[in-house]
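Enquirer: quick one, what's the 3D model for this:
(2 chains)
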There are 2 protein chains.
Amino acid sequence: MTYCLGIKIDDGLVFCSDSRTNAGADQVSAFSKAHQFSIPGERHLVLLSAGNLATTQAVVDTIHRDLREDAKVTINKLNYLADIADYVGQLSLQTQQKYAPTGEEAGFNAEATFILGGQIRHDDPELYLVYPEGNHIRASNQHPFLQIGETKYGKPILDRIIEHSTPWETAMRCALVSMDSTIRSNATVGPPIELIFLRRDALNKTQVYYRYEQDSVYLMELREAWNEAVVAAFTSLPGPVFEDP
Amino acid sequence: MTYCLGIKIDDGLVFCSDSRTNAGADQVSAFSKAHQFSIPGERHLVLLSAGNLATTQAVVDTIHRDLREDAKVTINKLNYLADIADYVGQLSLQTQQKYAPTGEEAGFNAEATFILGGQIRHDDPELYLVYPEGNHIRASNQHPFLQIGETKYGKPILDRIIEHSTPWETAMRCALVSMDSTIRSNATVGPPIELIFLRRDALNKTQVYYRYEQDSVYLMELREAWNEAVVAAFTSLPGPVFEDP
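Expert: Residues are numbered from 1 along each chain as shown, chains lettered A, B, ... in the order given. Next up, the predicted model:
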């Protein structure tokens, strides 16, 4: 499984992803699920992936191959993020359709889901979720974050903290806390954790990228501090008046 | 959807369930999902249900009918909680098999899942989860809680707080907080909330039962206090050292 998260705030876009992949309990590995594409000063895009690893790798490889062969449609030629979301959706569908029939009856699932975010020139930064069916939805001010993979454990803290006006440092910390809750409750999500911030209008002239390994001191401190703070918060709750039976 | 939770602690057993059922967005109703069966002084059992409402109602009705008709096997005649879990599983399977073939191709799903807990005489209190397939697992000291329905949003706080030695008032408060996180993040889970505590060896001579309606003052206070406490906990986290890009 996987947990990836994109947040669209006034400051720009925050992305967070884990790196654990598994095909059964015997095949657990670490693969980065965060892919970046850039024309410095013109556009910067981040693509996060969840689902079948073969499908997501094939999609990312095809994006690179299209760029290298200067295909008619490439991630650098399309001028709207919505069109790029569509392009990713089509590549994903094509890959799924190629392999699905062979394994369908054996419970094989080639589906993949993507979060695509970025900015092209001085258009507003945008954030999309691309479904396995190839269609997509967009984050809005009312719904400023999108999640893929193992999304539920980490959603409550996002629901409480994230608004479009949330400062970027807060959004990044919240992304890490959301990731930590997921890792704690689900064994198929794990470090290294990648954390990216695309500042509005920076267009990759500056880049904020963090990678936290399993033994990251900050990640361990954050985990411990958050656990202590949540337990203290819980203990501070107003005494419920349960009569002793 | 539904969210039900059972906790097995040294003090006894805690149960919490929501009451929202829905069959599409137009058919949202409130049904209690907590069913109690008792021979005062001899046994007390709680059954929580999730899944297809027709299936869960049919199972509970059959349990009552078997009692009324003094069938060969009833919930009062079986002397081990494991056997009662098996009995519930078989009733569930029979109901599912009766209706499944008619709707299978239309995406119809007759599956149901149950949490069964209680105490028979002075045997240890036990807590079971009965799967749609009719088989079951048991809570242990290492894994002292079981959840059914929309389980993920409310799991992180249980992972942090609940141990077998947790006092019953704390376990009840934690169950409500877990329920609140679920309600906040998922529109298909909602009040009234039922909360039950079976004290070890009380065997229904005393009974702790709370029902919180949508407009419950305590539920609203708890929700607000918990939200404030979590946001404060989050704000208190050690400053991450993100360099400004």
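Enquirer: and the worst-scoring helix or strand of chain A on mean pLDDT, which strands flank it?
Expert: Least confident helix or strand of chain A, by mean pLDDT, DSSP states H and E, is strand A:28-30 with a mean of 74. Strand A:28-30 pairs in its sheet with strand A:20-22 (antiparallel), by DSSP bridges.
Enquirer: list the buried residues in the partner strand.
Expert: By 16 or more other Cβ atoms under 10 Å in any protein chain shown, the buried positions in strand A:20-22 come out as A:Arg20, A:Thr21, A:Asn22. All C-beta spots, glycine's among them, are computed from the backbone N, C-alpha and C.
Enquirer: also stretch A:187-203?
Expert: So for stretch A:187-203, counting by 16+ other Cβ under 10 Å, buried means A:188-199, A:202-203.
Enquirer: in JSON lines: the residues you listed, plus pLDDT.
Expert: Formatted as JSON lines, the buried residues of stretch A:187-203 follow (pLDDT from 0 to 100):
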{"residue": "A:Thr188", "pLDDT": "83"}
{"residue": "A:Val189", "pLDDT": "87"}
{"residue": "A:Gly190", "pLDDT": "87"}
{"residue": "A:Pro191", "pLDDT": "88"}
{"residue": "A:Pro192", "pLDDT": "91"}
{"residue": "A:Ile193", "pLDDT": "93"}
{"residue": "A:Glu194", "pLDDT": "94"}
{"residue": "A:Leu195", "pLDDT": "94"}
{"residue": "A:Ile196", "pLDDT": "94"}
{"residue": "A:Phe197", "pLDDT": "94"}
{"residue": "A:Leu198", "pLDDT": "94"}
{"residue": "A:Arg199", "pLDDT": "94"}
{"residue": "A:Ala202", "pLDDT": "90"}
{"residue": "A:Leu203", "pLDDT": "89"}
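Enquirer: quick one: the helices in chain A?
Expert: Ranges of helices in chain A, per DSSP state H, are A:53-68, A:81-103, A:155-161, A:168-185, A:217-235.
Enquirer: contacting residues for the spatially closest residue to A:Asn52 that is not a sequence neighbour?
Expert: Spatially, and ignoring its direct neighbours in sequence, A:Asn52 is nearest to A:Ala110 (4.9 Å; Cβ to Cβ, 6 or more residues apart in numbering or on different chains). By Cβ atoms under 8 Å, 6 or more residues apart in numbering or on different chains, A:Ala110 lies in contact with A:Asn52, A:Ala54, A:Thr55, A:Thr95, A:Gln96, A:Tyr99, A:Ala100, A:Gly103.
Enquirer: I'd like to know which of those residues are buried.
Expert: Buried among the contacts of A:Ala110 (16+ other Cβ under 10 Å): A:Asn52, A:Thr55, A:Thr95, A:Gln96, A:Ala100.
Enquirer: related to what we said a few turns ago, out of the buried residues of stretch A:187-203, who's near chain B?
Expert: By Cβ under 8 Å from any Cβ of the partner chain, the members of the buried residues of stretch A:187-203 lying near chain B are A:Phe197, A:Arg199, A:Ala202.
Enquirer: what about the least confident helix or strand of chain A, distance to the chain center?
Expert: 17 Å (Cα atoms, centre = their mean, to the nearest Å).
Enquirer: which residues touch it?
Expert: A:Ser19, A:Arg20, A:Thr21, A:Asn22, A:Gly190, A:Pro191, A:Pro192.
Enquirer: from these, which two are the most distant?
Expert: A:Asn22 and A:Pro192 (15.0 Å; Cβ to Cβ).
Enquirer: point out where chain A drops to low pLDDT.
Expert: A:23-25, A:27, A:101-106, A:205-206, A:239-245 (pLDDT under 70).
Enquirer: let's see 80
Expert: A:1, A:21-30, A:100-108, A:204-207, A:239-245 (pLDDT under 80).
Enquirer: quick revisit: got the buried residues of strand A:20-22 as TSV, with distance to A:Ile75 columns?
Expert: Formatted as TSV, the buried residues of strand A:20-22 follow (distance: Cβ to Cβ, whole Å):
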residue	distance to A:Ile75
A:Arg20	26
A:Thr21	23
A:Asn22	28
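Enquirer: closest to A:Cys174 among those?
Expert: Closest to A:Cys174, out of all of the buried residues of strand A:20-22 and judged by Cβ to Cβ, is A:Arg20, at 20.8 Å.
Enquirer: contacts only, for that closest one.
Expert: Counting by Cβ under 8 Å, 6+ apart, A:Arg20 has contacts A:Met1, A:Thr2, A:Val28, A:Ser29, A:Ala30, A:Thr188, A:Val189, A:Gly190, A:Pro191.
Enquirer: will you turn those residues into CSV that also has distance to A:Tyr131?
Expert: Output for the contacts of A:Arg20, formatted as CSV (distance: Cβ to Cβ, whole Å):
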residue, distance to A:Tyr131
A:Met1, 17
A:Thr2, 15
A:Val28, 26
A:Ser29, 25
A:Ala30, 26
A:Thr188, 21
A:Val189, 20
A:Gly190, 25
A:Pro191, 27
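Enquirer: about what we covered before: pull the most distant pair out of the contacts of A:Ala110.
Expert: Across the contacts of A:Ala110, no pair lies farther apart than A:Thr95 and A:Gly103, at 13.2 Å, counting by Cβ to Cβ.
Enquirer: before we move on, the earlier item: out of the ones next to chain B among the buried residues of stretch A:187-203, which are inside strands?
Expert: A:Phe197, A:Arg199 (DSSP state E).
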